[in-house]
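> Fold the following and give me the result.
(one chain, ligands or ions: 1)
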Amino acid sequence: VTTCESWDVGVASRYPERSDTTAAPNAAVLNGFRAALREAQLYVGATAPNPPVGCAILDADGEILAVAAHQCAGSAHAEAAALALCAERGVLDRAVTAVVTLEPCNHVGRTPPCTHALLGSPIRSVWIGCADPNGHVPGGGAAYLAAEGMQVAWLEQLSPDMTEPLLTLCQALIVPFTHHMQTGLAWITVKQALTMQGEMIPPVGHTVFTSEKALTHAHRIRRATDAIVTGVGTVLADNPGFDVRRVPDHAGRAARPLVVCARRGGIPEDWMRRAETRGFTPCVCGDVADVAQMLGEQGVLWAMVEAGPALLQTIRAQALWDEWLTIRQMPDGTEQVTRVVRVPGVAALSVLDEIEGAA
Ligand SMILES: NC(=O)c1ccc[n+]([C@@H]2O[C@H](COP(=O)([O-])OP(=O)(O)OC[C@H]3O[C@@H](n4cnc5c(N)ncnc54)[C@H](OP(=O)(O)O)[C@@H]3O)[C@@H](O)[C@H]2O)c1
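Got it, this is the predicted structure:
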């Protein structure tokens, strides 16, 4: 993985003054956003506690020279990774516009500020999807870039009918991160499958009743989330694995927390041990009301609940969820999928369902 360090050349640029900007055309900028979103989406579930971010670098004609994403905490931020790709390809001198899904950071974390990476490159204009919601560090990446002579523009400045879906997707990409920044809590998505009769319990001898498509979707959500939450009833009834099997998981991903809610214990020790071998850090939680806070403190941005009716009833009654996905069997053999966000706004799941289609 390329690190940011190679681009930490300080603010002084070896490139000419920025007044001669030839920015990429608007249609090309929108293409850049689509490419950046697609790339960033590949790493949703691998970047926590950082947000997923994508960046496309364009030349003066709007040709995309490189697209990159932030891949995991400690690795290069999207802007630095995309610039490094341009250098590797020998096209860095043609780079004039950077298109980023999230405002470039302006602080030193595990890697140097992205603003410095951009200012130390030939980039003359930066297009930004959404503002950095990180209130804990001095932000203002956009303002800093502008003060240093960079042309800075926001996606929302383009005609709304063209940009609205892309803007929503830029926001959806960081919904769990924004929520975590604002509340300290992990974003909680509940996944619930219902039979035609509205039951959650599979027929005797089965552990699932949904279609292959729905099962694969569930594994995509597992891949995108940073933790799983379940109840002891589900563990005892189904001996579930909870690992990502139907799609490839992120390579080299750190262990995911796996929270088993139980007030009286009773979770088989060998199940807990086997969960560790499947890439989890299992733990028991005696009060489901503590889960979002506990996971948030561990740097989990997004958790999925896969539990039975008893735990879901409490989660619903106490409003401990942010997004609720229901997959209901229909009489004609199809499935009806509904997605509800508790506080109306952007859904985190849009990232999985819509980026590929819209972007
Ligand atoms: N259709 C679906 O989407 C779906 C998904 C998962 C599972 N299931 C099915 O659901 C069935 C199991 O259902 P279930 O209701 O028995 O299991 P569950 O909801 O997974 O777990 C129930 C347990 O959660 C614990 N719990 C409840 N409220 C709690 C709270 N406030 N704080 C901490 N822990 C709390 C309780 O443990 P204590 O008893 O120790 O208090 C309770 O026994 C299985 O047949 C499984 O196949 C269906």
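
> The stretch 201-350 of the chain against the ligand: which residues are in contact?
By the criterion of Cβ under 6 Å from any ligand atom, the positions of the stretch 201-350 of the chain lying close to the ligand are 201-202, 207, 230-234, 237-238, 261-264, 266, 286-288, 306-311, 314. (Each C-beta comes from the backbone N, C-alpha and C, glycine too.)

> can we see that at 8 Å?
The stretch 201-350 of the chain has residues 201-202, 207-210, 230-238, 240, 261-266, 285-289, 306-314, 318, 327 near the ligand, with proximity defined as Cβ under 8 Å from any ligand atom.

> Inside helices: which ones of these?
Within those, membership in helices is found for 232-238, 309-314, as judged by DSSP state H.

> and those as a markdown table, adding pLDDT and neighbour count?
Written out in a markdown table, the entries for these read as follows (pLDDT from 0 to 100; neighbours: other Cβ atoms under 10 Å):
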| residue | pLDDT | neighbour count |
| --- | --- | --- |
| Val232 | 98 | 22 |
| Gly233 | 98 | 17 |
| Thr234 | 97 | 21 |
| Val235 | 98 | 24 |
| Leu236 | 97 | 14 |
| Ala237 | 94 | 13 |
| Asp238 | 94 | 16 |
| Pro309 | 98 | 13 |
| Ala310 | 98 | 14 |
| Leu311 | 98 | 23 |
| Leu312 | 98 | 21 |
| Gln313 | 98 | 11 |
| Thr314 | 98 | 15 |
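
> Closest to Lys191 out of those residues?
Leu312 (9.8 Å; Cβ to Cβ).

> Show me the shaky parts of the stretch 201-350 of the chain.
Confidence mapping of the stretch 201-350 of the chain against pLDDT under 70 gives zero matching residues.

> Quick one: the helices in the stretch 101-250 of the chain, in order.
114-119, 141-147, 160-173, 175-183, 212-224, 232-238 (DSSP state H, counting those that start in this stretch).

> same question, the stretch 251-359 of the chain
When secondary structure is read from DSSP H, counting those that start in this stretch, the stretch 251-359 of the chain shows helices at 269-277, 291-297, 309-317, 350-358.

> Closest to the centroid, which residue in this structure?
Within the chain, one residue has its C-alpha closest to the average C-alpha position: by Cα atoms, centre = their mean, that is Val44, at 3.6 Å.

> show me the residues around the residue in the stretch 251-359 of the chain positioned nearest to the ligand that make contact.
Here the residue of the stretch 251-359 of the chain nearest the ligand is Gly308; by Cβ to the nearest ligand atom that distance is 1.9 Å. Contact criterion Cβ atoms under 8 Å, 6 or more residues apart in numbering gives 200-201, 231, 233-234, 237 as the residues in contact with Gly308.

> Done for today, thanks.
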